[in-house]
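1. I would like to see how this sequence folds:
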Amino acid sequence: MPEDDQVSWNTIIGSLSVSESSISDAVKYYLNVMRVGVSPNRVIFINILAAVSSLSLGKVSQQVHAQVIKHHIADDTTIENALLACYGKCGEMDECEQIFFRMSDRKDDVSWNSMISGYRHKNLWHKAMVLGLFMIQRGQKLDHFTFVTVLCACASIKTLERGMELHASALGACL
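-> Model (predicted):
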């Protein structure tokens, strides 16, 4: 590539990140970006985190996270959500929780769903249920995905009362 610019790398890594057969190539190109000294931007980080999460590469996700911090974009909600999704899919729930609780007021629906999904992925049903019920207490609306996941959590830990609370909340929200 004559000019190793961010747009070119974004395009290559983004294109490779969407196809399951080329995800490992996306990781190789990301490592090349780091080697040649191109300063990665948030799009590169979002794409590579998606690729890393598909391969469940926990160690690589930690290295990417370190680069996110180094490039001073760790407090960007989209980046934090990508990190939550990546760590959750990699089963790294301690890292997920650290990011999630540090986000404070920046949490959006994607943040909450990523945490609940991560708990579900690790069969931490009680934590998924508690987080879903906490969302309701805060007055947040559950989308269909969150509702089904938290309801499954209630069923998995056999807590009928909490499941009924969730069901009542869903009826009130017309889900």
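2. what's the weakest-modelled helix or strand in the protein?
-> Lowest by mean pLDDT, DSSP states H and E among the helices and strands of the chain is helix 160-172, with a mean of 69.
3. Just give the number of residues close to residue 24.
-> Look at residue 24: counted by other CB atoms under 10 Å, it has 13 neighbours. Placement of C-beta: from N, CA and C, glycine included.
4. In contact with the residue nearest to it when sequence neighbours are not counted, which residues?
-> Once flanking residues are discounted, residue 24 sits nearest to residue 55: 6.7 Å by CB to CB, 6 or more residues apart in numbering. Residue 55 is in contact with 23, 24, 27, counting by CB atoms under 8 Å, 6 or more residues apart in numbering.
5. host element of the last one?
-> It stands for residue 27. Assigned by DSSP states H and E, residue 27 belongs to helix 23-36.
6. how about that helix: buried residues?
-> For helix 23-36, a neighbour-count test (16 or more other CB atoms under 10 Å) marks 23, 25, 26, 27, 29, 30, 33 as buried.
7. for those residues, which one is nearest residue 136?
-> Using CB to CB, residue 23 is the member of these that lies nearest residue 136, at 35.9 Å.
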